[in-house]
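> predicted model and sequence follow; I will ask about them next.
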Amino acid sequence: MSLIRTKRQYYNLAAQQQVGNCPKTWSTPEGYLDESLDNYAGIRMVVPGSNKFTPLVERDKLKQKIQQLGIRDGDYIISEVLLPSEIKLAGELTVINGEWVFYYSYKKVQMRQALREEGRHAIGQDLVWSLIESVATPSDVDDLHNLFERYSPRGRYPVIELTVCSKCRGIFPHRNTLVWEVRHY
């Protein structure tokens, strides 16, 4: 496989179910309202150069929030979100100079904030994978290994952003680890 160089490229691969157990997403508020039973959703911009994410939008205010943000159809996706109480572990996993590195946190807040406030580093294959295996399902662990095999051309390893949840979530059944991003940028 090739390198994943942009968010748009990642989202296209996610839509094809090629980047692991991603959060469920919808392209329209109607799709979300018809299919999801969750009380909250997230709105993520998919326009190149934008990393804007509006988390925890109440179900009955979703259409209003999209109008308020002034975003056009096709420039966003609606995704399932995690409540802070559902987070077991979140972080960024990669290989640097031949060493497995996991920058992670157990803090039950959005990943950026968790890593900024209580980020920890695990270095070394045994330590990194024992941390992940202690909370993720065996299928999730296999999926993560497969992502590294698929997206590491010529030894260029991706960064995988992930969150391990207290219950199964995402597009694949029997998985409790959500992959938020696989990237080479």
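It's in.
> which parts of the lowest-mean-pLDDT helix or strand in the chain are buried?
Here the helix or strand of the chain ranked lowest by mean pLDDT, DSSP states H and E is helix 7-15, holding a mean of 86. When burial is assessed from 16 or more other C-beta atoms under 10 Å, helix 7-15 yields the following buried residues: Lys7, Gln9, Tyr10, Tyr11, Leu13, Ala14. To be clear about C-beta, it is placed using only N, CA and C from the backbone, and glycine gets the same treatment.
> quick check: the fourth one touching Ser79?
No: at 10.5 Å, Tyr11 and Ser79 do not qualify as touching, with contact defined as C-beta atoms under 8 Å.
> contacting residues for Thr94?
Neighbouring residues of Thr94 by C-beta atoms under 8 Å, 6 or more residues apart in numbering: Trp100, Val101, Tyr157, Pro158, Val159, Ile160.
> restricted to strands, list those residues.
Using DSSP state E, the members of the contacts of Thr94 that fall in strands are Trp100, Val101, Val159, Ile160.
> hey, what's the last one bridged with?
Note on Ile160: beta-bridge partners Leu93, Val182, judged by DSSP bridges.
> how near is it to Leu178?
Ile160 is 11 Å from Leu178, where distance means C-beta to C-beta, to the nearest Å.
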